[in-house]
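Chemist: Mind folding the following:
(chains A and B)
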Amino acid sequence: MNGIIKLDRRYLLKTGVALGGGLVLACYFSFPSPAGAAEPPAPFAPNAFLRVGTDGSVTIINNKSEMGQGVYTALPMIVAEELDCDWQKVRVEAAPVAPIYNHTLFGSQVTGGSTSVRTEWQRLAQAGAAARAMLVAAAAQTWKADPAACRTAKGQVIHPDGRRLSYGDLAAKAAKLPVPAEVKLKDPTKYTLIGHPVHRLDSPAKVNGSAIFGIDVQLPGMLVAVIARPPVFGATLKEFDDKKAKAVPGVKAVVAVPAGVAVVAERFRPALQGRDALQVEWDEGPGATLSTDGLRRQYAALARTPGAPARREGDVAAALARAAKTLEAEYEVPFLAHAPMEPLNCCVDLRPDGCDIYTGTQMQTGARDTAARISGLPPEQVRVHTTYLGGGFGRRATPNSDFVAEAVQVAKAIGKPVKVIRTREDDMRAGYYRPFWYDRITAGLDAKGGVESWRHTIVGQSIMASTAFAGSIKDGIDDTSVEGASDIPYAFPNILVDLHTPTLPVPVLWWRSVGHSHTAFVVESFLDEVAHATGRDPLDLRRTLLAGHPRHLGVLELAARKAGWGKPLSPGRGMGIAVNASFGSFVAQVAEISVSKSGAIRVHRVVCAVDCGRIVNPDTIAAQMESGIIFGLTAALYGAITFKDGRVEQGNFDDYPLLRLDETPQIDVHLVPSSEDPGGIGEPGVPPIAPAVANALFSLSGARVRSLPLTPDKVLAAQAKG
Amino acid sequence: MITLDVNGKKIEVSVAADTPLLWVLREELQLTGTKFGCGEGICGACTVLVDGDPTRSCVTPVETMQGRKIVTIEGLPDTHPVKRAWLEQEVSQCGYCQPGQILAAAALLQSRPAPTDTEIDSAMGDNLCRCGTYPRIRKAIHQVASETKGGGK
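Modeler: Reported below is the predicted structural model:
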């Protein structure tokens, strides 16, 4: 990060003195602002990522979506650190869709894969440093001083003799100067923001209720719609009778759209009543036979046959044939809904000459292109206004922008601005789940109990297959299906990981931590089985197998030490450990649990150690670990989307419960200091918790539960067996 | 016409009598800080205070609200100790459930200025948060309690 870096000119779109240049900086995040305060002129916009106002305010144009992960604070911190501006004067604006705002790896504007800090650090640091250099040059010109002798602090350029000029005063002059071709980035030891806990820029609006989410957007003349959706995936509309629906006062229109039948009304309530009154018949198609029980049988049979190899080392078949002992187990995890607290919604203002989309999306380019395709408008006439996201977890990153598409279709059909809102039941039943997975795993042990071979067969739908990234599937392997399994760090001489990819009508999607949400549970649980079967301490076995993986070991040792691993526990308590590397970060967790007589697991304490490389905001790291653990505990203890007769059996938080405050354990997060490249932080907290809890259950009661969620009936059944 | 007392103001609204209070606040009064989460009174995102009590506005017919004092997140002063503690403890993540959480916490602290963890569990357990901000919600409530004690009240 340090030193002279050649600037890529693409990042430095100089916009000149006025914003009227029509470049990407033209601000159109224009839905009503509760503050309503007019912004002062911002003459200095040296690149696509920031502008400086005459009052010294600094606006960071953020190309990543804020869904709770803290990206509206972390990315501005990177800019502000190099710019040396006054943090109190930093504000954030959502970027419009433009090539400059594309994800540096994915080629379109995307927030996902825990990549924001990792991929944006360099160019944002350069953007801030270049702007600072221009402000210094402007001051030096004014003073006829040597720019190299001037320094900066808190939004001011300081002359060697102590004179000062504020960035606001310098903005107009700096705008006339050339953008430097090279900039020197700060020595990290001089950082005043990066690495320090900084309060989130989005918190005040979220605490006083003024933060605008997609569902809060109000447009003049806007109508509200809900959609009657097919009860089964793959079903098609046969016919509908809208007479009663249209009789509901306030209902303005009933229109068939690809997603179903939309009931459009002046307000949400009559739209809902209209939908209740609507009579719809569907051709349900073959999807109506889908059931979780049937799927389990189908997948289990597949798991006993060889799949496409994802990793092959040594000769597993030969090693298993000569093994002194083999261990074998089958694991499964269910479909899961993302269930963000803000149900999916999208607001569309479609006119003959343009289209404005207001929504919380993780994929702005996809939203724009989807709207362009449906409306027939050229993409440049579609503007995407990214609001706050009331949770994302991957659900607001559908490659087909399903929730945007349906809203544009309704808007096109009725010719008026419209907001389509999903009820909680719509949100939960209309698809895009973490896939259902079934795994069969076998370990071959030598006479001393050492693991000589490891065979892991995975069965589940491909996420990538239905996305623009389908081309990444090579030789039958979608990497997101096997991540965390094909790349296990453990030193086994013979490894075979293979994959079956059945197709189903159920739409699947990346769900916070993607493949790791499943593979960490299987791998870390089964390794625990191996440890107990061979009389090894689970931590000690991992130590042996992780020689040469210092970052895995680092978090493992830290979590174990802080948790008091190996020390006597209170009666009725059990402890389990798990480690996982995902999205460039390393996380180990120790869970301490008890079990009630009725089989209900109570998690009392989770100790978490994380090594995510260089840190921007340590408080956000801790918050995201807490968040990932609680999100993961919901999946470990409760989460399951199941099918019967093709229908999703869950609909709301009564049958798809989330972990509650009174069930939340004490969580202690410990950071491993690191100068490695930054890793992701939004997702890596999730994978280790389910196996840590399952392993704690075994150590407490000898009960091994190999299917999530760890419900009381499964716990009691395993205890009876164990 | 139904007359409501919202955030200290008397407001007349012309809506069907059984319209949930949530949608009156959001769509008629543009008080969008109160959120739609589940529509069945399960998640607490729609929590407002009615005569000081936390109430699920998504299942509360507006006609039952006449003569009652309704406070939404917009009506709680920015200087309110709960709002300040929420900022101090950096509770919010996606932020969607937080207006409901803050109002539930404000009601708890009004009746129990120094709640025990068990009292916090019981008062806050029904307000769901998908981001998992619960540990910080607990800390923020304890912070307000300790400030109150520190102030000699």
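
Chemist: Distance of A:Ile212 relative to chain B?
Modeler: Note on A:Ile212: its distance to chain B, by CB to the nearest CB, to the nearest Å, is 7 Å. C-beta here means a position set from N, CA and C on the backbone, and glycine is covered the same way.

Chemist: ok, the closest residue to A:Met134 other than its chain neighbours - contacts?
Modeler: Sequence neighbours aside, A:Ala174 is the residue nearest to A:Met134 in space, at 4.4 Å (criterion: CB to CB, 6 or more residues apart in numbering or on different chains). Contacts for A:Ala174 (CB atoms under 8 Å, 6 or more residues apart in numbering or on different chains) come out as A:Phe44, A:Pro46, A:Val52, A:Ala131, A:Met134, A:Leu135, A:Ala137, A:Ala138.

Chemist: What residues does the third one make contact with?
Modeler: I take that to be A:Val52. A:42-45, A:58-59, A:85, A:131, A:135, A:167-168, A:171, A:174.

Chemist: Also the fourth one?
Modeler: Shown in contact with A:Ala131 (CB under 8 Å, 6+ apart): A:Phe44, A:Pro46, A:Asn47, A:Leu50, A:Val52, A:Leu83, A:Ala174.

Chemist: residue ranges with poor pLDDT in the chain?
Modeler: I went with chain A, as the question did not name one. Confidence mapping of chain A against pLDDT under 70 gives the ranges A:1-39.

Chemist: was after chain B, sorry
Modeler: B:150-153.

Chemist: Outline the domain layout of it.
Modeler: Here the domain parsing of chain B from automatic domain parsing is B:2-72, B:81-150.

Chemist: Save those as TSV, and put in distance to A:His604 and mean neighbour count too.
Modeler: Listed next are those as TSV, based on distance: least, CB to CB, whole Å; neighbours: other CB atoms under 10 Å in any protein chain shown:
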stretch	distance to A:His604	mean neighbour count
domain B:2-72	24	20
domain B:81-150	13	22
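
Chemist: Make CSV from those domains and add distance to A:Ala339 to it.
Modeler: Formatted as CSV, these follow (distance: least, CB to CB, whole Å):
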stretch, distance to A:Ala339
domain B:2-72, 10
domain B:81-150, 6
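
Chemist: export these to a markdown table and tack on distance to chain A?
Modeler: Putting the domains of chain B into a markdown table (distance: least, CB to the nearest CB, whole Å) gives the following:
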| stretch | distance to chain A |
| --- | --- |
| domain B:2-72 | 2 |
| domain B:81-150 | 3 |
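
Chemist: List the contacts of residue 65.
Modeler: Since no chain was named, I'll use chain A. A:Val71, A:Ala94, A:Thr111, A:Gly360, A:Thr361, A:Gln362, A:Gln364, A:Thr386, A:Leu389, A:Gly392, A:Arg396 are the contacts of A:Ser65 under CB under 8 Å, 6+ apart.

Chemist: You answered for a different chain; I wanted chain B.
Modeler: Counting by CB under 8 Å, 6+ apart, B:Met65 has contacts B:Ile2, B:Leu4, B:Leu21, B:Val50.

Chemist: Quick check: the gap between the nearest residue to the last one once chain neighbours are set aside and B:Gly44.
Modeler: For B:Val50, the nearest residue in space outside its immediate sequence neighbours is B:Arg68; the separation is 5.1 Å by CB to CB, 6+ apart. The spacing between B:Arg68 and B:Gly44, counted by CB to CB, to the nearest Å, is 19 Å.

Chemist: what do you get for B:His142?
Modeler: 20 Å.

Chemist: repeat for B:Arg130
Modeler: On the measure of CB to CB, B:Arg130 and B:Gly44 end up 12 Å apart.

Chemist: Check the contact lists of these two and give me the overlap.
Modeler: B:Cys97.

Chemist: Burial check on the one residue in the stretch 101-250 of chain A that gets nearest to chain B, number of neighbours?
Modeler: Scanning the stretch 101-250 of chain A for the residue nearest chain B gives A:Gly209, at 2.4 Å (criterion: CB to the nearest CB). As a burial measure, A:Gly209 scores 24 neighbours (other CB atoms under 10 Å in any protein chain shown).

Chemist: surely it meets B:Glu74?
Modeler: Yes - taking CB atoms under 8 Å as the definition, A:Gly209 is a contact partner of B:Glu74 at 5.0 Å.

Chemist: Would you mind listing the residues touching both of those two?
Modeler: Shared contacts of A:Gly209 and B:Glu74, defined by CB under 8 Å, 6+ apart, comprise B:Leu31, B:Gly33.

Chemist: Would you verify that A:Lys238 is located in a helix?
Modeler: No - A:Lys238 sits outside any helix when classified using DSSP: H, G, I helix; E, B strand; the rest coil, being strand.

Chemist: Chain neighbours aside, what residue packs nearest to the residue nearest the centre of chain B?
Modeler: In chain B, the C-alpha closest to the average C-alpha coordinate belongs to B:Leu103, at a distance of 2.5 Å (CA atoms, centre = their mean). Nearest non-adjacent residue to B:Leu103, counting by CB to CB, 6+ apart: B:Thr47, 5.0 Å away.

Chemist: quick one: the strands in the stretch 301-450 of chain A?
Modeler: For the stretch 301-450 of chain A, applying DSSP state E, counting those that start in this stretch gives strands covering A:308-313, A:325-333, A:345-351, A:354-359, A:382-386, A:418-421, A:437-445.
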